[in-house]
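Visitor: got a predicted structure plus its sequence, pasted below:
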Amino acid sequence: MDMFVVQGGTPLQGRVRVSGAKNAALPIMAASIMADEAVTLRDAPDLVDVRTLAHLLGTLGLLVERNDDQSLRLEVIDDAATVADYELVRRMRASICVLGPLLARRRRAVVSLPGGCNIGDRPIDLHLKGLEALGADIRIERGYVVAAARRLRGNRVFLGGPFGSTVTGTCNVLAAAVLADGVTLIESAACEPEVVDLGHFLNSLGARIEGLGTPFLRIEGVRSLGGTEHSVIPDRIEAATFLMAAAMTRGDVAVENCCPQHMSAILDKLAEVGIRIEQLPADDGLSHTPPFSPLSRPSDTGPQTSTLRVRGTAPLRPAECSALPYPGLPTDVQAQFMALLSLAEGTSVVTDKVFPDRFMHVAELVRLGAKIHREGPSAIINGVERLSGACVMASDLRASAALVLAALAADGETVIRRIYHLDRGYERIEQRINALGASIQRVDDCADNVPQTLQLSQSICVPAPHIPVGTTPGEPASMTADNRQVRIDNAQPASACTTAVRSSQAVSADPLKLPSISDD
């Protein structure tokens, strides 16, 4: 297993290109099950999640190849398989997106339930409700969704849930409706750009979908779908992450291949925080243009890409942020905004109304010196002047990104463990940020690779420890500090000498708080 060692404090400088959106690529790949001809996806990111789904699709009879130009080619070579096994589905919740396409194209689908999720409860009841409305017979058996239908039929489907529309549920029902008899009307459909991109892909295969980007979709079923070449939209979450990295490090970065019309809420909130963003012309690298305004959108309905430049010169201001369904602030940038606001002067409030319990990153940001506490569904952030390096542990994909941002802005070195979360959603992130002047090393997760600055080995005065029976002063002895066993060398009363406390754990050292040792 790998970990990152990040040397913070260096302003980022240069250019970085945003990859294709993972959350668009995955449902599009799944929908390729329905294509009668080969499909080519350009700008499909090379991520763990993409490779996981490619493996799953391989078991379902698709040939998936990565071309020399990094595009993906998908072609159905065997349409007999209908079972998406637990061992593959459990690795990634988005694997549930094969349910609708399998049912529509092969009349049967047996897909493992995706299980729990670190960021909160994510049931698939709306997926099943929508497919049942199209005529599917569905039951749950031994942890699998077993769905069958001789022929799906168009119907009116309502997909609203307690926290808004379901994105993957909309993808599943939309894909299934494309091959259903008659007309399907989906109400309270998710409006996210990734859903729209799936719709454009399906239309390029020969589907007839209207209303993309609105809560009301009209799908006229067709008998079959052909092949296509399709470019995946840029990843708005990755773009936001790079923009915030530049601001937090007081850098000057041009972020290429952004879709500003997909990022209106993000860009508006960044402007509120005090971050100046310029939209650069396509033919001029770093010439000056007026600040970007979310209101200056292109007239054309297709996605327009551009380069956004951030210069982190102004002080950060506090703000109130609420994560909401699109077009609101995405829940997938909530953790990154929390890291950003940790350095804003004043008090900020972050609330997640999509996943109200998505706050596992709070404790890790606190380890880096942030002042954050929970109050019900919100996190209250009191900005600090600076963060300091420590050992931290990622809990999910976006929490990992938040920790990288905080580490880049922190004084000293930071170790980030469980970075396999990052590899699911950010392509070669350490190499791309290093190209901007950062220092991020990917190393084996072992004690030998923890920097000396994060290893507890200081001589300090502590109260006289309890000397176990049979141990004389001057000999190594064990003692309990904060309910943990640590090693005391040359244990003697504080009045007589200085005691050296060492821990085999890699933790940040604070002489004012020893011998209490926090565990990462």
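Guide: On my side now, so go ahead. All of these numbers come straight from a predicted model, not from anything done at the bench.

Visitor: below-threshold pLDDT in the stretch 151-300 of the chain: ranges please.
Guide: 282-300 (pLDDT under 70).

Visitor: can you give me the strands in it?
Guide: Taking DSSP state E, counting those that start in this stretch as the criterion, the stretch 151-300 of the chain carries its strands at 156-158, 160-161, 164-165, 183-187, 208-210, 216-220, 228-231, 252-258, 277-280.

Visitor: for Leu456, find the nearest of those strands.
Guide: strand 252-258 (35.3 Å; CB to CB). Where C-beta positions appear, they are placed from N, C-alpha and C, glycine not excepted.

Visitor: for the closest one, which strands pair with it and how are they oriented?
Guide: strand 13-17 (parallel), strand 306-311 (antiparallel) (DSSP bridges).

Visitor: most tightly packed of the strands of the stretch 151-300 of the chain?
Guide: Mean neighbour count (mean count of other CB atoms under 10 Å) peaks for strand 252-258 among the strands of the stretch 151-300 of the chain, with a mean of 22.

Visitor: burial count for Asp411?
Guide: The tally of other residues near Asp411 (other CB atoms under 10 Å) stands at 14.

Visitor: please apply the same query to Val362.
Guide: Neighbours of Val362 (other CB under 10 Å): 20.

Visitor: these two touch, right, it and Ala379?
Guide: Yes: in this structure, Val362 is within contact of Ala379 by CB atoms under 8 Å, at 5.8 Å.

Visitor: which residues do the two both contact?
Guide: Common neighbours of Val362 and Ala379, using CB atoms under 8 Å, 6 or more residues apart in numbering, are Met338, Ile372, His373.

Visitor: now tabulate those in JSON lines and tack on neighbour count.
Guide: Formatted as JSON lines, the shared contacts of Val362 and Ala379 follow (neighbours: other CB atoms under 10 Å):
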{"residue": "Met338", "neighbour count": "25"}
{"residue": "Ile372", "neighbour count": "21"}
{"residue": "His373", "neighbour count": "11"}
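
Visitor: make CSV from the strands of the stretch 151-300 of the chain and add distance to Gln455 to it.
Guide: Formatted as CSV, the strands of the stretch 151-300 of the chain follow (distance: least, CB to CB, whole Å):
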stretch, distance to Gln455
strand 156-158, 57
strand 160-161, 48
strand 164-165, 46
strand 183-187, 56
strand 208-210, 57
strand 216-220, 56
strand 228-231, 48
strand 252-258, 33
strand 277-280, 40
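
Visitor: residues contacting Glu345?
Guide: Counting by CB under 8 Å, 6+ apart, Glu345 has contacts Pro315, Leu316, Arg317, Pro318, Gly383.

Visitor: from the shared contacts of Val362 and Ala379, which land in strands?
Guide: Residues of these located in strands (DSSP state E): Ile372, His373.

Visitor: before we move on, the earlier item: and the contacts of Glu345, which of them are buried?
Guide: Burial by neighbour count, 16 or more other CB atoms under 10 Å: within the contacts of Glu345 this picks out Leu316, Pro318, Gly383.

Visitor: hey, where'd the helices end up in the stretch 101-250 of the chain?
Guide: 125-133, 167-178, 193-205, 236-248 (DSSP state H, counting those that start in this stretch).

Visitor: just give me the closest of the shared contacts of Val362 and Ala379 to Ala180.
Guide: Using CB to CB, these come closest to Ala180 at Met338, 42.5 Å.

Visitor: grab the nearest non-local neighbour of that closest one.
Guide: Val350 (5.3 Å; CB to CB, 6 or more residues apart in numbering).

Visitor: and the one you found, how many residues sit next to it?
Guide: By other CB under 10 Å, neighbour count at Val350 equals 23.

Visitor: same thing with the one 4 residues further on?
Guide: Val354 is surrounded by 20 other residues when neighbours are defined as other CB under 10 Å.

Visitor: list the contacts for it?
Guide: Phe163, Gly164, Ala323, Leu324, Pro325, Thr331.

Visitor: what helix or strand is it located in?
Guide: Following DSSP states H and E, there is no helix or strand that holds Val354.

Visitor: give me phi/psi at the closest residue to it other than its chain neighbours?
Guide: In space, and not counting its chain neighbours, Val354 is closest to Thr331: 4.0 Å by CB to CB, 6+ apart. Dihedral angles of Thr331 (phi, psi; degrees, to the nearest 10) stand at phi -60, psi -30.

Visitor: surely Thr331 touches Pro356?
Guide: No: Thr331 lies out of contact with Pro356 (CB under 8 Å); the separation is 9.9 Å.

Visitor: more neighbours: these two, which one.
Guide: Here Thr331 and Pro356 are compared on neighbour count by other CB under 10 Å; more neighbours surround Thr331, at 22 against 16.
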